[in-house]
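# Here is a sequence together with a model predicted from it:
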Amino acid sequence: MEETPRVRYSVLDLQGGDQVGLTADSFPPKDVTSTKYYLDGLTRTLTTEVPRAQVSAAYDVASNPNAVSFITRFDEETVMVGYPKAHLWVEARGSDDMDLFVLVQKLDAWGTPLQAVTVPNQSAIAHDLTDHGATILRYKGSDGRLRVSARNLDENLSSEDVPAHTFDRVEKLAPEQIVNIEIDLLPIGLAFHSGEQLRFIISAANLLGTLMPGIREYVGANAGQHMIHTGGEHASYLQLPIQNV
């Protein structure tokens with residue numbers, strides 16, 4: 001047992017080049033640097049520098065799609081291992097609360113979302129498993145969610161990478177009030193090759209659906225319009241765990 005690695009993790013390629021059973025002394029590994037990618041509401045991109053222009057990206061909750069997205073393209077091999085975090089400046093118009101859902105997706109060089117499908121395949125009849133109620137797991141990205149009125153952080157439990165919310169109070173939004181929130185996303189291990197892209201989506205609806213078939217879909221406390229502020233003093237960002245390669 002003393003020779004057993006403390007951590008085993010995988011880095012998904014989503015195109016057949018997954019690396020599994022990688023070892024480390026901690027998670028995230030020590031060679032990971034938390035890097036901020038700032039949202040630019042003008043160009044709808046992610047950038048490592050704070051945009052000078054203060055621009056908001058907005059969507060109507062009742063519209064389709066009720067979401068905004070931001071994209072970055074990688075010019076060199078990039079590996080992410082650890083905990084993503086979203087730090088957003090948000091405002092609700094026509095409501096006193098917001099339910100926000102966020103998602104980090106990997107896209108290929110042409111903008112197609114990539115995913116992995118895991119089937120409990122114990123026979124050659126894998127296509128029949130869904131008929132018997134077996135679970136097929138699909139990895140479509142790292143997601144997170146938060147009701148904005150529950151945004152208060154526990155200073156003792158929160159870290160720079162993982163925010164911890166107290167969930168002990170309800171702080172409704174006043175008209176035209178802009179607040180900053182932090183949302184933790186599921187840990188990731190993702191590899192991006194040169195030319196591939198990452199898309200960050202913010203939405204009023206659950207972007208991945210229910211975890212299991214037959215579960216009732218959650219309906220958020222949303223109405224009116226959601227404003228995501230970017231740039232300047234309201235520099236929203238997505239923090240990603242970049243591994244030195």
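Received it, and whenever you're ready, just let me know what you need. Residues are numbered from 1 along each chain as shown.

# other SSEs contacting the helix or strand harbouring residue 9?
Per DSSP states H and E, residue 9 falls inside strand 7-11. Helices and strands in packing contact with strand 7-11 are listed as strand 19-24, strand 78-82, strand 188-192; criterion 3 or more C-beta pairs under 8 Å, 6 or more residues apart in numbering; DSSP states H and E. Any C-beta I mention is one placed from the backbone N, CA and C, and that applies to glycine too.

# Spell out the secondary structure type for residue 100.
strand (DSSP: H, G, I helix; E, B strand; the rest coil).

# how near is it to residue 200?
Per C-beta to C-beta, to the nearest Å, residue 100 is found 12 Å from residue 200.

# how about the helices and strands packed on strand 7-11, which one is nearest residue 47?
Closest approach to residue 47 among the helices and strands packed on strand 7-11 (C-beta to C-beta): strand 78-82, 14.7 Å.

# which is the next helix or strand following that closest one?
Trace forward from strand 78-82 with DSSP H and E and the next one is strand 85-93.

# Show me what counts as buried in that following strand.
Within strand 85-93, the residues that count as buried by 16 or more other C-beta atoms under 10 Å are 85, 86, 87, 88, 89, 90, 91, 92.

# In TSV: the residues you listed, plus distance to residue 104 and pLDDT.
Shown next, in TSV, are the buried residues of strand 85-93 (distance: C-beta to C-beta, whole Å; pLDDT from 0 to 100):
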residue	distance to residue 104	pLDDT
85	10	98
86	9	98
87	14	98
88	14	98
89	19	98
90	18	98
91	23	98
92	23	97
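
# can you tell me which two in those are farthest apart?
Across those, no pair lies farther apart than 85 and 92, at 21.5 Å, counting by C-beta to C-beta.
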